[in-house]
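Undergrad: I'd like to go over a predicted model; first the sequence, then the structure.
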Amino acid sequence: MKPLQLSMKAFGAFAEECRIDFTPFDKSGIYLITGETGAGKTTIFDAICYALYGTASGDVRDPKQFRSQYADPKQITCVELRFFCGNKQYLVNRTPPYLRAALRGSGMVEQKAEAELWEILPYKTAEKKKILCSGAQAVTDKVVELTGMDGKQFRQIVMIAQGEFRKFLLSSSVEKGKILRQLFHTQNCDKIQQILKERLDQQRAHVREQETQMLTLLHQASPAGEKQAELYEARLNFSGMAAAEELCDMLKTSAAELSEQAASQSEQVQEQQKAIESLLQEIEQGRQHNAVLKQLRQAEQEQQKGAVQLELCEAAAKKADADAEKVPELQEQVTLLQHSLPKYEEVAVLQAAESALQMKRKTQELACAQAKLYWEQTNASCQRLSKELEVHVDSAVDCANLEHAIEKDTQRQQSVRQLQKQMTEQQKVQKELERRSQRAQQAETWYFSEEKPAYDRTERQFFQSMAGNLARKLKENEPCPVCGSREHSRPALYTEDTVTEEQFQKAKERQQNALQQMEEHKKSFTQQEERCKMLEQQVQQQLVHCGLNETAGSAAVQQLEADLQAAITQNNRLLKERKEQLSAQQQKQQQLAKQQAELPRLQAAYESSHAQLEQLTQELAVKTAEREQCQAGLPYASLSLAKKQLEQKQSTIRQLEQAQQQAAQKWQQQKEQVSSQQKLVQHLRETVKDKPAYDLQTAEQTLEQKRSEKERTEKRCRQSSQQAQQCKTIAGEVQKRYRSWESEARQGNTLEKLYQMMTGTLKKGERISFERYVQTYYFNRVLQFANQKLYQLSNGRYQFRRRQEETAHNISSGLNLDVLDQYTGKSRSVETLSGGETFLASLALALGLSDTVQQQSGGIQLNAMFIDEGFGSLDSTALDNAVQVLQQLSDHQRTIGIISHVSELAERFEAQLQVEKSENGSHVICHYE
């Protein structure tokens, strides 16, 4: 990493923009940054550190304090650095947080921290920028990725800043290890340790899992007999994988015993099955015998029932024969009914004619009653309407009177409302009169109390002033221009508060205006007073016109208007009622005339209908007598009853004949059935041969017991087979897992030893981690280069040595430093060096670290170095040695900037950055060779 160009705006001590080009210093390789104390020399390195990492070169500076106190409130504070890193050029721009002037309005606002990082790309004859990231933290992370260092490490390596690298020199092994981890990427060693630790943990877990699985398998095994007790005892005493083979042998022996036991139990099951089949055959035969016995009992019962049923059928057949003897008599009755049917038909015709006359008479009777009702209702309605018309004779006169009263009250109401308007206007005019009277009085008071006295005073002062002026001009023995006297014994006195003619005219004008306003207000009051009197007369006249007293007030007028409105409303309601009554009276008159004209027609219709009713009554009596004469001597009232009796008798004849036939058939069938049952009973008795019933329940219980015994035997057989197979399977699986466990355990032991070796936790040998071992290697390389520089800087007196005695006791040690003093031949801690010696040792260590880092392929290239002060602690010889070493180090690839105000250094180097301060801020003057 190498800075190329730096730009600062309102940053630190630099108020104006300050640009520094570091590329011309490549020729000399070393340059001096000089200036007075407080001018801002270290600010240049602060700007570089802040541009890269957003922090200052020291821990005491806060980025919020980077805003220049000399800057204008509207000026922008920012730092821009162009640098070279990894064969590429980059440009970074940062703005620190600070208070600036608001862009809109007044006041101050906080400017937040901002940052951007670009990569500079060569493009034909020009350059092109590609944005890499933006945002303060994102840019810092990207710079750390590019340089391989964070801000703290950058300050310790690139900058020997007033004791900063002394911290690295005197820091602990842990702190040095953190820096070396970033510089030489030894974090990969830690990653290897982590990966190995994960592998070891996985291997241990896998071994424990296999042990658990084998123990689980052993618990699943269940051998029989004595082996089971032995296996249980072995499980209790199981203390490792050494007993696994012994347990496998036990399982195999138990499996063989269980197999023999299963074979014996299988033979026992076959014998039990044969006994069950024999018993099943016996039960089936007994069940068939019991079925025949049951059938015999049922047949005997059916035989008894058949004999009883045969007797019943015989009795029923005899009864049917007796009932059939009634058939001839019924047939004679049927013949008589058939011969009388025509007479019944004639009666039916007469009954139909009689019914028709009855219906016709009933209809006419209803019509006659309806005609009579219409005539009586119309006559009653005429009488009622005549009486109602006599009551409301004066309705038309009442309507006319009410309309006249409403019209009169309405006109009077309009007069009252006009009076109310006049009284309202009178009140307004009276209020205006009072207001104008008040204004006139105020104007008169103002005129006589203010304006006129003021004018009188001004007039007197004006004439006195004129007299005083004349008196001043009077001379002895010269005539007075007023009285002509030559003696002036009492001349007017001249005063300082004189009134000019212009002031007098203005006072007079104000007096005239006030007088005019007073007269106008009086005139306005008089006019309003006359109008008020005129309105008062009009109101009094209107009150009399409305029928009120001249002194009546607005309350009386309002009451009168309300009374009139109530009267109008009442009369309108009465008028509406009278008009409705008049309209109803006219409708009733029309209805009465119509009904009176209808009465003769309704009376004639009633009389005609009554005559027709009398005629139908006579015809019905004739037809009834004719029907009664024809019906005499017939047993039934109608043709339908006669036909119904005929059908019933014919049906009875058919039922008796059918019942006789069915009873005879059923008797014969029952005889045949009884004979068949007797034969079946005889056959079944011959089959059973007096043999008793088979005890089926006892046999089935015995069968169930045999089946249960067989199932128990089968279950024991299956259990023995399963246990035997389980023991074989588990024994084989345990042997397989034991072989796998042995292999995994060996691998775990190997990984554990390797991990202990890398982490420095071996019980024997040096206890140092693998990462610390690698860091020690690089640190030894650093010390080789640093000793070359320290030898020159100390004139061969001192040499770095890494402290060895601690490495065997602490895994995080190994990076502490001692120095070998050639004068005494003894080693001592670097903390015992003097101030100047400590500076030289820090410089040598920094240079050695830089050389080591740059020699690592793919490592970090530190092409720039800054040394801040420390040379003041050196004597002339040490200073010469330091300058000589730095000149040897500087070349075209690496530049060294020395920040110092030591005068001897200014004489030695022509390439300088001179920082000069003033009242308006500092500025930089660049001197190149």
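TA: Looks like it came in fine.
Undergrad: not counting its neighbours along the chain, what's nearest the residue positioned nearest the centre of the chain?
TA: Note on the chain: the residue nearest the mean C-alpha position is residue 135, at 32.3 Å, using Cα atoms, centre = their mean. Once flanking residues are discounted, residue 135 sits nearest to residue 115: 6.3 Å by Cβ to Cβ, 6 or more residues apart in numbering. From N, CA and C alone the C-beta is placed, and that goes for glycine too.
Undergrad: and the one you found, what helix or strand is that in?
TA: strand 114-123 (DSSP states H and E).
Undergrad: just give me how far that strand sits from the chain centre.
TA: 43 Å (Cα atoms, centre = their mean, to the nearest Å).
Undergrad: buried residues in the very next helix or strand once past that strand?
TA: Following strand 114-123 in sequence order, the next helix or strand is strand 126-134 (DSSP H and E). For strand 126-134, the neighbour count (16 or more other Cβ atoms under 10 Å) marks residue 132 as buried.
Undergrad: strand 126-134 versus strand 114-123: what angle between them?
TA: Orientation check (axes from the mean of the first three to the mean of the last three Cα atoms, to 10 degrees): strand 126-134 against strand 114-123 gives 150 degrees.
Undergrad: wait, doesn't residue 828 sit right on residue 803?
TA: No - using Cβ atoms under 8 Å, residue 828 makes no contact with residue 803, being 10.7 Å away.
Undergrad: what do those two both touch?
TA: residue 818 (Cβ atoms under 8 Å, 6 or more residues apart in numbering).
Undergrad: C-alpha coordinates for the strand holding residue 115, CSV please?
TA: The C-alpha coordinates for strand 114-123 follow below in CSV (Å, rounded to 0.1, in the frame of the first residue of the first chain):
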residue,chain,number,x,y,z
GLU,A,114,-20.1,9.7,4.4
ALA,A,115,-17.6,7.7,2.4
GLU,A,116,-17.1,6.3,-1.2
LEU,A,117,-14.4,4.1,-2.7
TRP,A,118,-13.6,3.9,-6.4
GLU,A,119,-11.1,1.8,-8.4
ILE,A,120,-9.1,3.8,-11.0
LEU,A,121,-9.2,2.0,-14.4
PRO,A,122,-6.9,3.0,-17.2
TYR,A,123,-9.0,3.8,-20.3
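Undergrad: paired strands for that strand, with orientation please.
TA: Partner strands and pairing direction for strand 114-123 (DSSP bridges) are strand 88-95 (antiparallel), strand 126-134 (antiparallel).
Undergrad: do you know the pLDDT at residue 91?
TA: Note for residue 91: predicted pLDDT of 95.
Undergrad: partners of it in the sheet?
TA: residue 82, residue 118.
Undergrad: ok, it to residue 148 distance?
TA: 19 Å (Cβ to Cβ, to the nearest Å).
Undergrad: likewise for residue 816?
TA: According to Cβ to Cβ, residue 816 stands 24 Å off from residue 148.
Undergrad: who has more neighbours, the two?
TA: A count of neighbours by other Cβ atoms under 10 Å puts residue 148 above the other of residue 816 and residue 148, at 21 against 18.
Undergrad: might one say that the more buried one is in contact with residue 182?
TA: Yes - using Cβ under 8 Å, residue 148 makes contact with residue 182 at a distance of 6.1 Å.
Undergrad: wait, a helix at residue 103?
TA: No - secondary structure of residue 103 (DSSP: H, G, I helix; E, B strand; the rest coil): coil, not part of a helix.
Undergrad: what's the burial count for it?
TA: Residue 103 sits with 7 neighbouring residues when counted by other Cβ under 10 Å.
Undergrad: which residue, other than its chain neighbours, is closest to residue 122?
TA: Leaving aside its chain neighbours, residue 122 sits nearest to residue 128 (7.8 Å; criterion: Cβ to Cβ, 6+ apart).
Undergrad: I'd say the one you found and residue 121 touch.
TA: Yes - at 4.6 Å, residue 128 counts as touching residue 121 under the criterion of Cβ under 8 Å.
Undergrad: which helices and strands does the helix or strand harbouring residue 212 pack with?
TA: If you go by DSSP H and E, residue 212 is part of helix 187-220. Applying 3 or more Cβ pairs under 8 Å, 6 or more residues apart in numbering; DSSP states H and E, we find helix 187-220 packed against helix 226-236, helix 696-759, helix 770-793.
Undergrad: pick the most deeply packed of those helices.
TA: Highest mean neighbour count of these: helix 770-793, a mean of 20 (counted as mean count of other Cβ atoms under 10 Å).
Undergrad: neighbouring strands - and their directions - for the helix or strand just after that helix?
TA: Sequence-wise, the next helix or strand downstream of helix 770-793 (DSSP H and E) is strand 798-802. According to DSSP bridges, strand 798-802 forms sheet pairs with strand 817-821 (antiparallel).
Undergrad: state the next helix or strand along the chain beyond the strand it pairs with.
TA: strand 826-829.
Undergrad: how far is that following strand from where the chain is centred?
TA: Worked out by Cα atoms, centre = their mean, strand 826-829 lies 71 Å from the chain centre.
Undergrad: pull the residues that contact that strand.
TA: By Cβ under 8 Å, 6+ apart, strand 826-829 touches 801, 817, 818, 819, 820, 821.
Undergrad: for stretch 47-66, measure first residue to last.
TA: In stretch 47-66, first residue to last residue: 9 Å (Cα to Cα, to the nearest Å).
Undergrad: so what touches it?
TA: 3, 6, 8, 11-12, 42, 45-46, 77, 79-81, 83, 92-94, 96-98, 113, 115, 136, 139-140, 143-144, 147, 150-151, 154-155, 159, 161-162, 164, 868.
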